[in-house]
Every structure is written in structure tokens, then in C-alpha cells.
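Undergrad: with the sequence up front, the predicted model follows.
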Amino acid sequence: MDTVNAVFFFSSVAMVAVIAWMAWQDYDRDWKQYQRQFMKKERQIAKWDMEQAKVKVDQEKIAQLEKDLAAEEESFKFPNVGKWMELHGAEEGAANAEAQLEKKKTRMAEIKSHLDAMKYQVEEARRHGAAQAVEKDYVKLAQDYLGAKEEFMQSEAGLKKAEAAVAALTERRDQLEKALDHARLESKLLGAKIEKLTITPTKLVLNAPILDFISPTFKIRQVVLPDLHDDYNFLEVGKVDRCQTCHLGIEKPSVKDADGNILKIGYDGANIREPFRTHPQPALYVLSSSKHPLDKFGCSTCHRGVGHAVSFLDAGHIPQDVEQLAAWSKKYHYKPLDHEHLSDFLWDDMMHPNDMVEASCLKCHQGMVEIPEAPRLNAGRRLFEDYGCYGCHKTAGFTDLRKPGPPLTHVEEKVSKDWVKKWLKNPKHFRPTTRMPRFFDLSNTSTPEDMKRSDAEIEAIAAYIFERARPQTTFDAPPFPGDAHRGKELFERVGCLGCHSMTATDHTATNFGPDLSAIGSKIKDRAWLYTWVKDPKRYFPNTKMPSLRLTDEEASDITAYLMSLKNDEFDRAPVPAGSDDEVDAILREAWSAKMTQAAISEKLQGMTSKEKWLAAGEKMIGHYGCFGCHDVGGFEKANPIGTELTEEGSKDLDKLDFGGIHGIPHERISWFTQKLTDPRSFDEGKVKDRFDKLRMPNFDFTPDQARLLITHIQSLTKEKVRLDHQRQLSAREQVIEKGRRMVRDHNCYGCHTVDGHTGGIRAYYQEDPGLAPPLLFGEGKKVQSYWLYEFLKSPAMIRPWLNVRMPTFGFTDEEATALVNYFQALDDVQTVYRPKDFHKPDPQMAAVGRQMFMQLQCAKCHVVGSTAPPGRAAGDLAPDLSMAKTRLNPEWIPEWLEDPTKLMPGTRMPSFFADGTSPLPAVLDGKSDAQRRALRDYLLSIQN
Amino acid sequence: MAEPSQPQTVETKAAAAPVQSSPPAASTKDSPDKPTRRGFFKWLTGGWVAFTTGVGMMKILTVRFLYPNVLFVPPSSFKAGYPAEYQIGQVDQRFKEKFGVWIVRNEEGFYALSTTCTHLGCQPNWLEAEQKFKCPCHGSGFYVTGINFEGPAPRPLERYRIMLADDGQILVDKSKKYQFELGQWKDAEALLRV
Amino acid sequence: MWQKIKTHISESQVWKSVIRHGYPDTRRNRTLVVLSNFFLHLHPTKVPSHSLKLSYTWCMGGLTFFLFLVETLTGVLLMFYYRPVGEYAYNDILALREHVPLGIMREIHRWGAHAMVITVWLHMLRVFLTGSYKPPREFNWGIGVVLLTLTLLLSFTGYLLPWDQLAIWAITVGSNMARATPFVGHEGPGAKLLNPGMLGLEDVPLIHATDDARFVLLGGPFVGEATLLRFYVLHCVFIPLAAATLMAVHFWRVRKDGGISTPTDDFSQKAL
């Protein structure tokens, strides 16, 4: 019996203990600690504010007010019985009036409700005919109601009068009280705030377990976003973000005045640590005045992670680097998922690391060449495009682009077969900056047997390509022998450097076109090169290379120069050669899936060696997907071989094969980093046939390039944001985007400064920027649209002293129109069609303008027709003003003259009319705008 | 916690006692193995006290369980734009649906009226032509000030705290309300003066 | 042959384990039938003839119980099609009307609910008129009153479930009564006294709109999705369980208090 009771006793005690433990576990949360710490900080700030407020407040004034008020109140007290009586009487009168009003109001309301009821009865009775009796009663009641209403309104007036009487007596007291309240208001409010931020015993009780539902100080804070969604696999659920439960200072930046003095302390100071720091870009995000306010966009919409979590680990925080990882494992027992450990965390929903958050921009900002304020994402997208990843990996948004590499359908005209083999073996050996990746002798194919096989594959590919290549055009031999020295000068002068570099190894140099520092080792024929520089489209109709309108002699010189550039080391390197045994092996392996060994042997015996090499070449090109980037004969309809990347950013972790790689955390970013920096490494330790091995080539991406590309890949998600929540481009913005695409495709930034990009070639003109290609600020406003259209189609000389030439791109009408529209949209100019001579210069004004033109010595810099200013260096000359009539917009000239640097920062044109002043007070009454118009009319009347 | 340690001492005592006394007392009639009346009640009483405590705690926890820690309702305070957006005499209905508030601008300033009828809690409608709030449930009517004048509503509509936020926008705080019949409409933050 | 099969079945273990007595043709077997049969065990062994007289009993208690069974059955079936979630609730009600086979079940449930309130009232009236609340039946009268309350609460909680405007506003109005609960309703008498400010501490109202009786009932400051779920659970689980338990006690007490009261009750009491 005793045993049973003891068991009962102990189990009951255990039950109590477990319940208590359970309640405590439920209560004890990290976020409460953070809120407590934050409260302390807030209190410190409020105290600081209090100090500031005290300094500002005029204590003397308050003391005076207090004294006055006390005196005023005293005046209603004992010795002044008369005044007291008066006030008392007035107050009583007001109270009576109020009571009276209430009585009248009740009576009125009562009669009104009876009246309403009777109204219904009357209406009912009328419908049935006999209504007279009721109507009589109704009319009587209506009279009563009017009377009651009258009385009520009178009482209302009475009350107002009575109240006015009281107010008249207490006027001065009320005013004093108000003034005092006002003077004390700020410190009173701050006092209340400090009190609210102090933990008192009452607050302790209110925050105690079980009782913390009444009025807890510490609460979960959240934003509910029903229109944005979390993907729960097969279900989209409205977002709830609770990040601010711990990130309490996120929308509290310091407020500063114009001089930078802090008016209100915020949480962006250097001493503030997470989780309390303010968002680093409050002007763009989080604040209600920003474009992405917190209560509309939440946090996890951009940062990803688990927005509804209220603990550090559940939220899906991701360390930025190894040090942070170490710190977190110590502080939060954070452990990354690796080969050995399954983790507790939700690895599918990890946040973006800070440098990749921009990946989230894309889902709302679509259809743009460059996403504003997202430099890393833009760089990643650019890399993806430049390296032609879309050639093998189908990716939505990158499907209409041309193939990234040159066509191989007539490659035999350009290079030799041996060069191709050596190039394939290791493209970077020939050109360290090339974007052509390396396919052979990588981490999964580096054994001697593999390398032997690689040479055979190279042989086969080269054999196939050269067999299928067909001559396409004829090439003209250079009519002059050419002078390499002159060619070099010309090359550096006419603008080739806008796209091509000559440094061989500098990865930061412009790389729109290939580096040409060893081009002589590549091109087999002078005639080919001569024809190419004169007219690139003849060999490659789709090329981005424009024509610089070189003369025969110029082209011959440049050809001579380029042909003299050699890479001796590459030239000396052995040519890879495949053996006949290997070609059999390749074919055996390739066919074994569908044929018996006997049948293969028989087939092989019936083939010549050449046939075998061609068959193997076709197989290998299909295998490596060369046709993804290059046109290859026989592969016109082949599909790209890579994984589609359209939704790669949402790919489940378990679909990424880490293979034999053990040293890295098992999460998405590590996988992509590994894949991009060593694409074949996941084959490590695997048993595979040659054809089964991974085949993505190595681009030798740097770690930073890899992170940029991953940012881009992470942006390719299956998340769909409702159309009305996405950024919609206006018609004007669409025109701009179309133009931007063209400007980028034709590398206008290589020479011109336009649309926020600095012309790359300007780096060569630091000593004399006057010789660099023009800056294109406000071009749409500046020039006439038809002129621009014609100029783009067929550039004419504007600045004869410049050596660098505007190339002929061979724009179609649509393309030229799109560019004109782009420049006009950039300046928010409406395209209007008007007659060529719609502005008729006023002859009188033109005469005045001519006079001013002389006085201001414009011709000292400007070329006018065939007259160039004497004695000036080429770099100091200014555009030919005889073209103004056909080229410049009449509206633009006066505006330009007022302040040229405003329209075009960096221009050398001096400002004669700054701030509406005039250098010539004698002309046209010294009126600046009239003078500018006169100059304009003169310029527009200069005949060409 | 203190509870577990106490029974442990009791347990050792209980365990120790038989070991000490059992060999000599094996043959005696009054064997200590047999439960004594006092011991019986000691265990049983302690057990029931603990059991009742546990059940009581569970009941308390169950009541606590019914109070959610997070409510999916719009926040109790919200920003209602800049004062310049409002016209005198206008009853702004933008915040009725989400926050249950009318913002009214008159000559004196702004006030925030609750859209809950003081009769039985329905939501009246603002009738612009008749310049009154009319409740569809039982016909209570309120002037634009919120004062009741017809129907069964016993008292005027409530007003909420209204003030200017740091950025100059109107800020309405629903956690504090002002009732006319308690004279609270005269309080400083029941009306935002301009 | 027939006999053989009959014996085979009636001698089998399955048969014997279900029916543990022979054919009721002897006195012993007849008694066994009554003692070992579950329904006859529940049912009074003796039924006074006056208790079958409709003009006396109106059969209102029996009808109420019958309606409770109808409500339980139809209610459980309706639960297969009804989801107590804001997006779905009203749609599911419409589905029952438009295309769910025998969706008329919902109408039966609804009319049954109305009828049950009526029969409960009439039952109470009959009990009052026949004086059946008098000793020794006072306790059972008390239970009956609680059962009446539960019936009304079932009606009230069920009212919200269609989740149409009528339901939402009716519950809004109805639940506003809870605001005025003494002490635990934030507009109720005494609620303002529950404030540490009364003790000279900070001014923190302990009972306010988001922690008072109405808040617990609604699961929020106004009728919303949480209310729908709360009312659903109360309507389908808590209140029916409580009612069923009390009904069991109610019926049991009817038997133990001497069966349905009769006009001659007093005499029989005296006679005993």
C-alpha cells in the first residue's frame, strides 16, 4: 500500500515539475532578451533627448507662468469671495443648462421615434385606403416634435451662453494653463516615454509567465503581407514577417540637419551591433517614405529566409564568411549542413548572403537591361551573357540572344587546323583573357590515359569542323604592303581600343572584342584580315564589329601591324595528335549503348580512317555542345546540352549532387561556387565512363566572378509576384530599355560617356580629353531627331580634328529609329515631326548675333565651315558651327549658352551668361535671354 | 527548482529506515514493512497535494492557451497621410475597411471616429447627402461629430487618439479612445488642432 | 437439414458470445434477456402506462433527445464537407446547397436546431405544469436548466458557421454582451477597478478589449477567422460532449427519481 502511495506521490511531483518546465520553456524566448536590451538603449536615447529638451526650454518663462497661474488661481480663493461666487454661479448655470439640454434632447428623441413609427403606420394605412384617422394623429405628433425640437435648440443656445459665461471668467486661467502645458509638453512627453521604457515591478508582473497576456511589454512584432507569398510546395501562403521582433532598430536611422548635426539619435552608429542596426539603405528600403516600405514589402521578400520565425536558427540566417560562421557556431550552436551531419535548419529557405540580396530584385524588376541600385546583380547578368552561359543552358530572358561565339561554318578561311587543335587544348594558352572555356585535361580528365583520349577528341572535333566548313566569300589581298609601324599608330588612334585590348593578360581591360596582342599567330591569311578590318560583315554578317571606314592604305597598314603580333610560346607548342586506336575507342563507347560489340567491330572494319574521325568528331561536338555557342555545320537544329536555368534559384538542395566533395557545406551557394570554379570536381572519386563524366568546361572564374554569377542564378526563381505588385515600365521607360539594349550590344560605352556609363576609351585620353570621343549628355535634347537618325545610319564628320572615328554600324531603319527615340526619351523629349526649316531665324536678331559672335570670339575655338581657328591644338578645337542649322535643336542653343556645364559636365565651353547675366551689357539692353536668342538665330543662319 | 530536492530526502529516509531495522525486527509482530497509519497519510496527502497542484497548473495553462500571442489584425496605430490631403467638412472613408476609423476634418482640426456603433457594435454608413452616420442594424443615427441623435444607440461614437507623427503625417492610435459622455473629447489628443 | 444448420449456428462460439441466453420461452431466459441486453438495460424495466400518455407527457423530452440524435448525425455528416476557414466556409455552405449529394442535410440540421429549441422549451413548460420539478426531482430540474443553456449555446455557436453577413453581424451583436460581464468584461462593472493604478502603482488597465471575456470567446478583438474556428470547435466538440454527458445524467436521474412523474406520484410516495 505504501509503495503505491509513494509512486503516486513521486509521479505527481514529477508531473508538477514537468508542467512547470514546459511553461517555462514556452515562456523563455531569445527575442524577449533582445527586446529588453533594446528597451535599455531606447531609454538611454530618451534620456539624452530629455537633456537636450531641458537645455532648449526656457526655465525662467516656465517659472513666471507657474507664478502667474498660482496668482490667478489664488484670485478665486478665500478673500475674493465675490469672484468665487461669480464663478460658482456661472458654473452652476452651465451645469443646469446642460441638464436641461439633456432633458430636452431625450424628449425630442422620444417623440421622434414615435413619429417615425407613426410615419410607417400612415404609409401602411394609405396603402390600404383608410388613413385619415392616423394621419390626424401624425400631424399632431409632428407638431409636438417641432415644438420639442425648438425647445431643444433653444436649450442648446442656452448652454452655449452659459458656457461662454464660465469661459469669460476663467479665460486668463485657461490661457495660462495652456501656455504652461505647451512649455512643458516636450519634457512631459519624454518623461512619459522614459517611464514607459523603465522596467518597474508592475511591468515585471505583467511580463511574468502565464500573466503575459494582459499587457506585456515584450511582444512579437509582425507585418502581414497577404499579397506576397511564401511557397510551401503546392501551396502559396500569404507572407508574415516577424524580423522586427529582434531587429528593433531597423527603421530608426539618425535624423540629421543640413549641417550633419544629429537631431535624433538612431541605430546606424558604429557602436550599434546586430540585431539592432538600422537598415544600411533606409532611403531606399524599410522607411515608409522609401520606395520599398517595410509594411508593404516585408523583409523576407528580398532577404529570403523564414520571415515568420522568431528565433535566430529558425529564421535561416546565413553567415557572410568563415569568421562569422565560427562566431555563430559558438553563440547560437549554428552548424552548417555537411556530408556527415543532417542539420536542424531549413536549408531550402536560407537567407541570401548580404552580397547576394540583389538576386531578389529581379522578380519585380523585369524587362530591364540594368536593374537600378543592383550593381552586383547587373554584373552577374552581364557575366552570364558575356560568357554565353545561355548557349548551353536555356534560360528564360536570354533566349533571343545571338550565339556568343563566331560561326565555324567557314572557319577554314580564317585559321589553320593546327591552330584550332592547339586552341581547343587550352584556349587560355593562346589568349589568357579569352571567354572560350577549356574542355580538356580538367580535374576529371587529367590522368595520362584521359589526356591521350582528349587529344583524340580534339583531333576528331577539328577534323569534323574543317570537313564541314564551306568557303563563303572571297578575300581581297591588301593592295599595299603596309607599314606595321604606321598601322600601330592608326590602330591606337582610330578607336579600335574602344573594344579591343592589347595587353594580353590584363583581365580588367576592355573585353568587348577579343584581345589582339597575338592575333598574328591566329590568322592564317593577310587577305582575310585585310578584308575583315575593311568590312567585317563580309565574313560574319552577324558580327558586332563595325566598320571604321578605313581606306585601302589604312587597312593595309593595320593588317601589317596585326599580322606582326605573335605569341611565340603558343606557336612553339606541339599540336595535339590523336591515335587511330583512340578513335576506335571513342566510337565503340559511343555506339555501345545501342549496338552489340560484334556489330560495332563489323561497322568499324567497313570504315576508312577519315570516316572514323569524322564520325567521332560529330559525336564529340554533340557531346560537348560546341553548337551552343558556335554555328557548326550539321548541328543547325541541335538542342543545347546544359541544364535549364530558368528556375535554378529555386532548385531543391537535394537535386544538387555534391558527389564525392566532402569539404564544403552542403548548401546551395557552396555547390554553385564549387561548380563555377571547378566544374568537373563533383566527379571526384566516382567510377564513370568517359561519356558519363561531367562535361561543363572550365571558364576559370575568379571567386568574385563566381559570387556575381551565383547572385544572378539565385535571381532565377519560380517565385511569381503578382503583376500589379511588380515594377511596371512606362512607355518612355520601355523605349529607354530598348535603346539601352542596343547601346550595350554595340558597346557605345566603349567610346561615349552616356546614360551613367563612362566611355571606356577615355582612359587613353587622360592627357588631352579634348581628343576623346564626345560626351553624350542631353543628346536627345541637343540635336534634331532626323539629323541623329541620318548620322547613325551614315556618320558624317563633325569634329574634323578628332582622329577617333564614329564607326558605321550598319543600323537598320528600325534600329536607328530606336536609338533616336532612346536618346530623346532619356532627356524626356517628345518626338515631334516638323519641317526641316521650321525655325526661321530673324535676320535682325541674326545680325546682332553675328556681332556678338565676333565680340565673344567664338571662332577662336569653333570651326566654322572650312575655316579652322588658327594656332590652336587639335584637342582645343570645338565643333563646326556651320552644321548648327541642320544639327542642333533651336530650343536647345539658348539653354546651352546659359550654362554649358550644367547640361554637359566636363565641357570646355565657357559660360558667358551664367545666372542670367550678360558679358555684353550694351547689346539688346543687356538682356541675357534675348542675347542668347540672337546668337542662336545667327548660328542657324550660317550656311553650310 | 525546489520541489524535486525535497522528495529526494524523503525517499532516502524511507529507504534507509527498513534497511536499519529489518533484520532484527524480522520476527517481531509489529513489522515496519507494514504501513503505519501515519506514513500512509503522509504519502497520500503529499501525493494529492502535488496532484492537485499539477491539475491546477494545467487548468491555468489551458486558460492561457486561449490567449494568442499574436493577432492577425491590422496594427492599432496607423499613418493617415498629410493634413493637406484633407478638405474641411470631409469625412474620409479610406481607413474604414482596414482600421475601422473615419477621419473627419472640420474648421477646428481633425478627429478620428470609431466605426463601431455604440448600440450593438455594427458598422454604420456615412450618408453624405444627409450628413449623418446611419447604422444598418437598428437604425441608430449619429451627427458628423459622432453624437447620437436617433435610434437605440445610447451614447455617441468613440473617438481615437490622433496626433502628428515625426514625419508630419497624421497618426491615429486606436489603443486609446475618448468617450464624449466622460468628457474626454476635450482631451488634448482627441482632436488634432490645426 | 435446416435444423442442422440452425443448431450449427446457434451452438457456435460466435453466436453464443453475442447472445448469451436461450430462446426466451422460459421465465429464466426471459429474465436473462432483459438483464443481458444493453438497450433493455438502459430502458426502464417497468414502464408505467401513464407515462405513455401523450396528453400528459407531450413526448417533448423524447423528441428533444431524438432531435439531438438527428443533429448529431447530420452534423457529423456535414463536417465532411464544411471547412471552418474564412476563405472556404461560406463557399462550402453554398456547395451544400448547390451540388453536394443530399446537401439538404444542412437544412435538416438547421430546422432540427430550431425545433430542438422549441421542444426543449415545451418540455420545460410541461415539466413545470405537471410540477415535476418538485422533490425528489429538483436536481434533475437544475440539470435540465443547464441543458437548456447548452442547447441555446449550440444554436448560438452554430449561427456563425455559415459565415455570411447575417452570421458575422449576429455574432458581433451577440458577443458584445460579454463586454459587460462583471469584472472580466472590459465595459462591465468593476473592470476599471482592476488596475494597479488603484494601488497607486502604474496606470495599466488589466481588463481591456484584447484580454477580456469577449476576447477569449472570439479569439480576437472582433469576429474574425479565429472566432469561426473557436465557434466551430465549441459547436462540434465541447458543447455536444457536455450536453451528452448531462443528458446521460438527466435520463439516469429520471429513472432513479422514480420514473416520469405521475399524477399519483404523491400518493405512491406516501404509500411507500
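TA: Arrived safely, thanks for sending. Predicted, not measured: the structure shown is a model, and the values here were computed from it. Residues are numbered from 1 along each chain as shown, chains lettered A, B, ... in the order given.

Undergrad: give me the residue from the stretch 1-150 of chain C nearest chain B.
TA: Nearest residue of the stretch 1-150 of chain C to chain B: residue C:86, at 10.5 Å (CB to the nearest CB). (Glycine included, C-beta is placed from N, CA and C.)

Undergrad: other residues contacting stretch A:260-272?
TA: Residues outside stretch A:260-272 that contact it (CB atoms under 8 Å, 6 or more residues apart in numbering or on different chains): A:41, A:45, A:48-49, A:249-250, A:252-257, A:276-278, A:280, A:282, B:166.

Undergrad: quick check: ChimeraX command selecting the buried ones in those residues.
TA: Per 16 or more other CB atoms under 10 Å in any protein chain shown, the buried members of the contacts of stretch A:260-272 correspond to this ChimeraX selection:
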select /A:41,45,49,249,250,252,253,276,277,278,282
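
Undergrad: domain parsing for chain A?
TA: The record's domain split for chain A, according to automatic domain parsing, is A:59-201, A:223-358, A:359-401+A:640-724, A:411-628, A:731-826, A:843-941.

Undergrad: make TSV out of these and add mean pLDDT.
TA: TSV is the format used below for those (pLDDT from 0 to 100):
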stretch	mean pLDDT
domain A:59-201	87
domain A:223-358	87
domain A:359-401+A:640-724	91
domain A:411-628	91
domain A:731-826	89
domain A:843-941	84
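
Undergrad: contacting residues around residue B:163?
TA: B:170, B:171, B:173, B:189, B:192.

Undergrad: go again with 6 Å.
TA: B:171, B:189 (CB atoms under 6 Å, 6 or more residues apart in numbering or on different chains).

Undergrad: that one sits in which helix or strand?
TA: strand B:159-164 (DSSP states H and E).

Undergrad: cool, and residue A:45?
TA: Taking DSSP H and E as the criterion, residue A:45 maps to helix A:30-56.

Undergrad: and that helix, what does it pack onto?
TA: helix A:132-196 (3 or more CB pairs under 6 Å, 6 or more residues apart in numbering or on different chains; DSSP states H and E).

Undergrad: so residue A:662: helix, strand or coil?
TA: Of the three states, residue A:662 takes coil according to DSSP: H, G, I helix; E, B strand; the rest coil.

Undergrad: now do residue C:92
TA: With three-state DSSP as the criterion, residue C:92 reads helix.

Undergrad: isn't it right up against residue C:80?
TA: No - if you go by CB atoms under 6 Å, residue C:92 and residue C:80 don't touch, sitting 10.2 Å apart.

Undergrad: find the nearest non-adjacent residue to residue A:248, please.
TA: residue A:38 (4.3 Å; CB to CB, 6 or more residues apart in numbering or on different chains).

Undergrad: likewise for residue A:904?
TA: For residue A:904, the spatially nearest residue (CB to CB, 6+ apart) is residue A:777, at 4.3 Å.

Undergrad: so that neighbour is in which element?
TA: Residue-wise, residue A:777 maps onto no helix or strand under DSSP H and E.

Undergrad: how near is it to residue A:905?
TA: Distance from residue A:777 to residue A:905, counting by CB to CB, to the nearest Å: 7 Å.

Undergrad: comparing those two, which residue is more hemmed in?
TA: residue A:777 (19 against 10; other CB atoms under 10 Å in any protein chain shown).

Undergrad: what does that one show for phi and psi?
TA: phi -80, psi 130 (degrees, to the nearest 10).

Undergrad: what does residue A:119 give?
TA: Residue torsions, per degrees, to the nearest 10, at residue A:119 are phi -50, psi -50.

Undergrad: once you drop chain neighbours, what's closest to the closest residue to chain C within the stretch 601-750 of chain A?
TA: At 17.0 Å from chain C, residue A:722 is the closest residue in the stretch 601-750 of chain A, using CB to the nearest CB. Leaving aside its sequence neighbours, residue A:722 sits nearest to residue A:227 (CB to CB, 6+ apart; 6.2 Å).

Undergrad: export the domains of chain A as CSV, with columns for distance to residue C:195.
TA: Shown next, in CSV, are the domains of chain A (distance: least, CB to CB, whole Å):
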stretch, distance to residue C:195
domain A:59-201, 14
domain A:223-358, 28
domain A:359-401+A:640-724, 47
domain A:411-628, 70
domain A:731-826, 58
domain A:843-941, 66
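
Undergrad: out of those domains, which gets nearest to residue C:28?
TA: domain A:223-358 (65.8 Å; CB to CB).

Undergrad: how far does that closest one sit from its chain's centre?
TA: In terms of CA atoms, centre = their mean, to the nearest Å, the centre of domain A:223-358 is set 18 Å apart from its chain centre.

Undergrad: hmm, residue A:218 is touching residue A:33, no?
TA: No - assessed by CB under 6 Å, residue A:218 is found out of contact with residue A:33, at 9.1 Å.

Undergrad: neighbour-wise, which of those two wins?
TA: residue A:218 (19 against 12).

Undergrad: residue ranges of the helices in chain B, please?
TA: B:5-25, B:37-65, B:96-99 (DSSP state H).

Undergrad: least confident of those, on average?
TA: The weakest mean pLDDT among these belongs to helix B:5-25, with a mean of 42.

Undergrad: okay, now the sheet partners of the strand holding residue B:163, with direction.
TA: Paired neighbours of strand B:159-164 in the sheet (DSSP bridges): strand B:109-114 (antiparallel), strand B:170-178 (antiparallel).

Undergrad: pull it out as CSV, backbone CA atoms only.
TA: Below are the C-alpha coordinates for strand B:159-164, written out as CSV (Å, rounded to 0.1, in the frame of the first residue of the first chain):
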residue,chain,number,x,y,z
ARG,B,159,-13.0,58.9,-30.9
TYR,B,160,-9.5,57.7,-31.1
ARG,B,161,-6.2,59.4,-30.2
ILE,B,162,-5.0,61.5,-33.1
MET,B,163,-1.7,63.4,-33.5
LEU,B,164,1.1,64.3,-35.8
